[in-house]
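Trainee: got a predicted model here, sequence first, then my questions.
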Amino acid sequence: MDYIKKGKDILLKQPDLQLDDTLDCGQAFRWVRLPDGGYTGACLNTPLTIRPAAEQGVFLLENTTEKDFLEIWRHYFDLDTDYGEYKRRFAEDETLAKACAYAGGIRILRQDSWEALSSFIISQNNNIPRIKGIIGRLCEHYGGYPTAEQLTGETPESLGFLRAGFRAKYITDAVSRLQNGLDLDKTAALPTDDARAALMQIKGVGPKVADCAMLFGMHKLDAFPKDVWVKRVLAEWYPEGLPGCVTGCEGVAQQYLFHYIRNNYQT
């Protein structure tokens, strides 16, 4: 990572980052693509507009203080991790090599654990435009992404404005669990199997949602969410299991594979 402060902006030089690959690959649902290839979005209640600069691998973070860049966005975009090393490891496997070549600009976003958990509760059995609509209405109603504490006292009925359907009762159950002993920071510190079991105590949270919450909200890189696309990958290319080169970072491999097959699968 290399950056300079340029007026009210930050000019970032970062290898192994492409905005479409990272912000439009199913990790997060609050980013909106702009006509020039930039994105506007937020981490919790800190907004950001980020655009690709003319030079390859350079990005402009607009109206961003150096403090916010170093304390929020450096962490959020996982800028201190060498994703080139992941791709070198994964190149041992033919399918993963193709996936990395297709979407080599993916990075795993380090999202807030509550935002990730609640977002993926909303995401289940849903499509991306509708997920974004529900989350947008949630943020509009609360003037930003609400904490679990702010949602205390809400009921499935009072959340009717979200038009979230059956998911509303899962959101309120998650809030109740957090108010009655479930601690996401402590959960993140558990071994992955134990953390998954803890999250699955929430109504409506199955293995896939739990793994998404762990991977994108707790940075547990061995979590491996399995949706219909990833199940196709496993069935067609890894019927005997994932290759050894992904051990310990299965979730990173999952993102390359997910994005690759979702955009290239032919029936």
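Mentor: Looks like it arrived, so ask away. Numbering: from 1, shown residues only.
Trainee: in a helix, that's where residue 61 is, yeah?
Mentor: No: going by DSSP: H, G, I helix; E, B strand; the rest coil, the assignment for residue 61 is strand, not a helix.
Trainee: neighbours of it, just the number please.
Mentor: Using other CB atoms under 10 Å, residue 61 has 21 other residues around it. Every residue, glycine included, has its C-beta placed from N, CA and C.
Trainee: what does residue 3 give?
Mentor: Residues near residue 3, counting by other CB under 10 Å, number 19.
Trainee: could you measure from the closest residue to it other than its chain neighbours over to residue 48?
Mentor: Leaving aside its sequence neighbours, residue 3 sits nearest to residue 12 (CB to CB, 6 or more residues apart in numbering; 4.7 Å). According to CB to CB, to the nearest Å, residue 12 stands 11 Å off from residue 48.
Trainee: cool, and residue 41?
Mentor: Distance from residue 41 to residue 48, by CB to CB: 6 Å.
Trainee: and these two? which has more neighbours close in?
Mentor: Using other CB under 10 Å as the criterion, residue 41 and residue 48 rank with residue 48 on top: 21 against 16.
Trainee: so which bits of the strand or helix carrying the more buried one are buried?
Mentor: Under the criterion of DSSP states H and E, residue 48 resides in strand 46-52. For strand 46-52, burial by neighbour count (16 or more other CB atoms under 10 Å) applies to 48-52.
Trainee: same thing with stretch 71-85?
Mentor: 72-74, 76-79, 81, 83.
Trainee: which of these lies closest to residue 235?
Mentor: Lowest distance from residue 235 to the buried residues of stretch 71-85 (CB to CB) belongs to residue 83, with 26.9 Å.
Trainee: tell me the pLDDT at the closest one?
Mentor: Looking at residue 83, its pLDDT is 97.
Trainee: that one contacts residue 106, doesn't it?
Mentor: Yes: at 7.5 Å, residue 83 and residue 106 qualify as touching, with contact defined as CB atoms under 8 Å.
Trainee: helix/strand/coil for residue 140?
Mentor: Assigned by three-state DSSP, the conformation of residue 140 is helix.
Trainee: if we can go back for a sec, of the buried residues of stretch 71-85, closest to residue 124?
Mentor: So of those, ranked by how close each gets to residue 124 (CB to CB), first place is residue 76, at 23.7 Å.
Trainee: which neighbouring elements make contact with the helix or strand that contains residue 134?
Mentor: Assigned by DSSP H and E, residue 134 belongs to helix 128-142. Under the contact criterion of 3 or more CB pairs under 8 Å, 6 or more residues apart in numbering; DSSP states H and E, helix 128-142 touches helix 113-123.
Trainee: got a list of contacts for the helix it packs on?
Mentor: 28-29, 44, 111, 131, 134-135, 145, 147-148, 164, 167, 170-171, 174, 178, 184-185, 187-188, 199, 202, 204-205, 209, 212-213, 216-218 (CB atoms under 8 Å, 6 or more residues apart in numbering).
Trainee: and what of stretch 176-190?
Mentor: Stretch 176-190 is contacted from outside by 113-114, 117, 148-149, 152, 195, 198-199, 201-202, 214, 217-220, using CB under 8 Å, 6+ apart.
Trainee: pretty sure residue 12 belongs to a strand, no?
Mentor: Yes: assigned with three-state DSSP, residue 12 falls within a strand.
Trainee: what's the burial count for it?
Mentor: Residues near residue 12, counting by other CB under 10 Å: 23.
Trainee: just the helices in this protein please.
Mentor: Counting by DSSP state H, the chain has helices at residues 19-23, 66-68, 74-76, 83-90, 94-102, 113-123, 128-142, 167-179, 184-188, 192-199, 207-217, 228-237, 250-264.
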